[in-house]
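Q: Sequence and predicted structure are below.
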Amino acid sequence: MRGPSALGRKWLTAGTRTFTLSEGNLFLLLAIIIGLFSGIAVVFFRKAIDWIHAGLLGSAPPPIRVLLVPAAAGLVVAFLVQRFFHAARSSGVNQTKAAVYVFDGYVPFRTVIGKFLTCSLAIGSGQSLGPEDPSLQMGAGIASALGRHLKLSRDKLRLLAPVGAAAGLAAAFNAPISAVLFVIEEVIGTWSASALGAIVLAAVSSAVIMRSFLGGEPMFRVPPYTLEHPAELLSYAVLGVVSGVVSLAFTKIIAYFRPRLRALPEWTYYVQPAAAGLLIGLVGLRIPQAMGTGYTYIDQALQSQYTWEALALLGFAKILTTSLSFVSGTPGGMFAPVLFIGAMIGGAVGGLEHHFFPQVGASVAPFALVGMGTFFAGFLRVPITSVFMVVETSGSYSIVLPVMISNTIAYLISRKYQDITLFDLLAKQDNLELPSMEEQREQIVLRVEDAMRKPDLPPLQAGDTLARALEIAETSTEEVLLVRFPTGRWAGIARRDLPGMTPGHPPETHLREVLSTARLPILHPDQRLDDALRFIQGHPLLPVVSREASRKLEGVLSLQDILTAYQRAS
């Protein structure tokens, strides 16, 4: 069996010379390679969806094809999922999280193939789902396969899955910043330098590949926008309320119907996507915009090509078709439908407000754009990602202020009336105990100042004598007497050890002579209590000093103080 040291070195051979790479450097190089492969895979994935859509439905399909193609494709997709690619079911975000926290970064490459085939067919045939979430899982699978081939350590393999996820999402969205933020905000929940560097490299290289093949233009065309009057922000606040309520209702629909369909006999899994496809086809006969990803219609809404009544109808029709697709277990993602619904609901609110209050300067287009991010924040509960997602997919920075206001309101409403996020909810329905990133963000962080206490006596000085220390020890209740040096260094003397020092040293001996090399770790009041646990090991008592002056004692901290603080917090 190979040890960690063997796994931590890799060799590259060029001619007669051999170059050694540390695992850390290899990991960064591998992140770029993952981005390149993921970008290529996503380009083919998007092309496959377009080709299947053109072949099955075309630009103006007859009604019978609109009705039957989603159902027929649903049968094929269900057969593939149930017989060959069971892990391809659902969106892919939770599967990637499970790879990180449950399976040591392992994502079978079979899942990448299955996701590519089933999602291409499902989305191309008109199922109301998107390619972004599947692209995320495909990127994670590619990264996992490369890591296993290179026999990386377990810690690196765990980190490779989110690196690949960011690469896949960046290519699918043409939005590397949003991809990085989403993976950090929802998948791993950490901003460590090693993780962030690799994720950024993978996302950027993936986006470069995608833009080389499909162009570098933003996903949507957005008319110029300027905030003409601060009163407009009230209108966007109203949009935040509406989007928060609608996103909450959408979540409740999925939370109610998905487990009930999963509880049906297993043979129904073969027909549920087909039944959903048939119902989607029925909706598509009257409202074809509610089928597929709907990117084209989002762009049209951003160009103010619909009335507010039509936009409201499209938004609620998309909620219906997306719910049918998702709860039936059809493989595909939620990002595209969420953007579609948000754009339509936002545009409808903007158009309605403009109808009754013409003095409001903004038209339908900016409300549709803000609505995309607002619904995204309310439904998926990733508030930071949602702001940057609007900016990147539209290429417009002028809309940031309304987006932030509206997103925050929608997010707070969703949090108030829905205990857990959608992805956490889906994980529980699938019997997975995955960490909740939102709960981690909301956890109360205890600081050293929450546990420290005032010392019972002032600290000793390095110039004090052993006799003085013995005198103080008689009145002190601490196990350890702290000693302060003029340089800011701190040391400690155990009370029980003081009597044993007297025979070997005269009473007038200075403490600096006895403690010439002793040194205690120091803490600061604002440090996390978790960090203090690492420093306090082996020390009964540590000094808490001011950051302004290392000789100024703010308090003392013991292990019992830390445990008491945690007990109070719980």
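A: Structure's in. What do you need? Residues are numbered from 1 along each chain as shown.
Q: Please make it C-alpha for all contacts and neighbour counts, starting now.
A: Fine.
Q: Show me what counts as buried in the helix or strand where A491 lies.
A: Per DSSP states H and E, A491 falls inside strand 490-494. When burial is assessed from 16 or more other Cα atoms under 10 Å, strand 490-494 yields the following buried residues: W490, A491, G492, I493.
Q: check contacts around the residue nearest to the third one when sequence neighbours are not counted.
A: Nearest non-adjacent residue to G492, counting by Cα to Cα, 6 or more residues apart in numbering: L482, 4.5 Å away. By Cα atoms under 8 Å, 6 or more residues apart in numbering, the residues touching L482 are P459, L460, W490, A491, G492, I493, P543.
Q: For the second one, give its distance to G371.
A: Using Cα to Cα, to the nearest Å, L460 is found at 63 Å from G371.
Q: Have a look at those two and say which one is more surrounded.
A: Using other Cα atoms under 10 Å, the more surrounded residue of L460 and G371 is G371, with 35 against 21.
Q: so the more buried one touches G347, yeah?
A: Yes: G371 lies in contact with G347 (Cα atoms under 8 Å); the separation is 7.1 Å.
Q: Give the burial count for R551, as a bare number.
A: With other Cα under 10 Å as criterion, R551 counts 17.
Q: got a pLDDT number for it?
A: Per-residue pLDDT puts R551 at 78.
Q: what are the phi and psi angles of L482?
A: In terms of degrees, to the nearest 10, the main-chain angles of L482 are phi -80, psi 140.
Q: Just the element for the closest residue to L425 other than its chain neighbours, please.
A: Leaving aside its chain neighbours, L425 sits nearest to A255 (7.3 Å; criterion: Cα to Cα, 6+ apart). Assigned by DSSP H and E, A255 falls within helix 232-262.
Q: who touches the helix or strand that that helix is followed by?
A: Once the chain leaves helix 232-262, the next helix or strand it forms, by DSSP H and E, is helix 272-286. With Cα under 8 Å, 6+ apart as the contact definition, helix 272-286 has outside contacts at 63, 66-75, 77-78, 126-128, 290-291, 317, 321, 324-325, 328-330.
Q: between helix 272-286 and helix 232-262, how many degrees?
A: 140 degrees (axes from the mean of the first three to the mean of the last three Cα atoms, to 10 degrees).
Q: now for the helix or strand just after helix 272-286, which elements pack on it?
A: As assigned by DSSP H and E, the chain's next helix or strand after helix 272-286 is helix 295-302. Counting contacts by 3 or more Cα pairs under 8 Å, 6 or more residues apart in numbering; DSSP states H and E, helix 295-302 packs against helix 335-356, helix 364-380.
Q: three-state assignment of the most centrally placed residue in the chain?
A: Centroid check for the chain by Cα atoms, centre = their mean gives E186 as the closest residue, at 2.0 Å. Assigned by DSSP: H, G, I helix; E, B strand; the rest coil, the conformation of E186 is helix.
Q: ok, now which ones touch it?
A: E186 touches V382, M437, E438, counting by Cα under 8 Å, 6+ apart.
Q: Surely the second one and V183 touch.
A: Spelled out, that is M437. No: the criterion here is Cα under 8 Å, and M437 misses it with V183 at 10.5 Å.
Q: between those two, which one's more packed in?
A: Taking neighbours as other Cα under 10 Å, M437 and V183 compare with V183 leading, 25 against 20.
Q: Surely the more buried one touches L160?
A: No: in this structure, V183 is not within contact of L160 by Cα under 8 Å, at 11.8 Å.
Q: before we move on, back to that, now distance to T296 and pLDDT too, for the contacts of L482, in CSV please.
A: Listed next are these as CSV, based on distance: Cα to Cα, whole Å; pLDDT from 0 to 100:
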residue, distance to T296, pLDDT
P459, 72, 87
L460, 75, 83
W490, 67, 87
A491, 69, 85
G492, 71, 83
I493, 74, 83
P543, 63, 90
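Q: any idea which of the residues you listed is the one closest to Y225?
A: P543 (56.0 Å; Cα to Cα).
Q: Not counting its neighbours along the chain, what's nearest that closest one?
A: Excluding the flanking residues, the one nearest P543 by Cα to Cα, 6+ apart is V556, at 4.7 Å.
Q: and that neighbour, backbone torsions?
A: The phi/psi pair for V556 (degrees, to the nearest 10) is phi -130, psi 160.
Q: now G292
A: Dihedral angles (degrees, to the nearest 10) for G292: phi 70, psi -160.
Q: Need the pLDDT of it.
A: Each residue has a pLDDT score; the one for G292 is 90.
Q: So S406 sits against G240, correct?
A: Yes: with contact defined as Cα under 8 Å, S406 and G240 form a contacting pair (4.2 Å).
Q: what stretches of the stretch 51-200 of the chain score poorly on pLDDT?
A: 191, 193-194 (pLDDT under 70).
Q: The chain too?
A: Using pLDDT under 70, the chain drops low at 1-24, 191, 193-194, 359-362, 502-504.
Q: Select the longest helix from it.
A: Looking across the chain with DSSP state H, the single longest helix is helix 23-56.
Q: name the helices or strands packed onto that helix?
A: strand 9-14, helix 109-124, helix 132-149, helix 154-173, helix 193-214.
Q: Turn the buried residues of strand 490-494 into a markdown table, columns for distance to G168.
A: Formatted as a markdown table, these follow (distance: Cα to Cα, whole Å):
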| residue | distance to G168 |
| --- | --- |
| W490 | 51 |
| A491 | 53 |
| G492 | 54 |
| I493 | 57 |
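Q: what's the closest of these to S516?
A: Using Cα to Cα, the buried residues of strand 490-494 come closest to S516 at A491, 9.4 Å.
Q: List the contacts of that closest one.
A: L482, V483, R484, F485, L515, A518, R519, L520.
Q: is it true that the third one touches A462?
A: Yes: with contact defined as Cα under 8 Å, R484 reaches A462; the gap is 5.8 Å.
Q: neighbour count winner among these two?
A: R484 (24 against 21).
Q: ok, now how distant is the more buried one from M452?
A: 18 Å.
Q: tell me the contacts of M219?
A: Here M219 is in contact with F173, N174, T393, S394 (criterion: Cα under 8 Å, 6+ apart).
Q: ok, Y256 - how many residues close by?
A: Y256 has 11 nearby residues by other Cα under 10 Å.
Q: Can you list phi and psi of R453 for me?
A: The phi/psi pair for R453 (degrees, to the nearest 10) is phi -140, psi 160.
Q: Could you give the number of residues near it?
A: Around R453 there are 15 residues (other Cα under 10 Å).
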